[in-house]
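Asker: pasting the sequence and the predicted coordinates here, then a few questions.
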Amino acid sequence: MRSVINISLPSQLTKAVENELKNKHFASKSEFFRYLLREWLAGRLAIDLEKGRKEYRTGSAKILKTMKSLW
């Protein structure tokens, strides 16, 4: 199921989005913003993974005995 989200952008950012569409890097504004959100989520995941690695290296990682331990 999809949801519609409306956003407002300053003219400079609107022009940047329109340039991406004009240069055919993206088929639609929705595709452009979905791409940005996926990249943002991937970046957050990378940060979380690095944090976990650091905790593991320093010995402060949490030992999980069950899946419920995640929450």
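Answerer: That came through, no problem. Remember, predicted model here, so these are calculated numbers, not experimental data.
Asker: just checking, what packs against the helix or strand containing W40?
Answerer: Using DSSP states H and E, W40 sits within helix 29-58. Using 3 or more Cβ pairs under 8 Å, 6 or more residues apart in numbering; DSSP states H and E, the elements in contact with helix 29-58 are helix 11-22. For every residue, glycine as well, the C-beta is placed using N, CA and C.
Asker: helix 29-58 and the helix it packs on, what's the angle between them?
Answerer: Using axes from the mean of the first three to the mean of the last three Cα atoms, to 10 degrees, the inter-axis angle of helix 11-22 relative to helix 29-58 is 100 degrees.
Asker: start the count at 35, not 1, going forward
Answerer: Okay, residue one is now 35; in that scheme the one you just asked about reads as helix 45-56.
Asker: quick one: helix 45-56 to chain centroid distance?
Answerer: Here helix 45-56 is found 20 Å from its chain centre; the criterion is Cα atoms, centre = their mean, to the nearest Å.
Asker: that helix packs against which elements?
Answerer: helix 63-92.
Asker: ranking helices and strands of this structure by mean pLDDT, which lands last?
Answerer: The weakest-scoring helix or strand in the chain, judged by mean pLDDT, DSSP states H and E, is helix 63-92 (a mean of 92).
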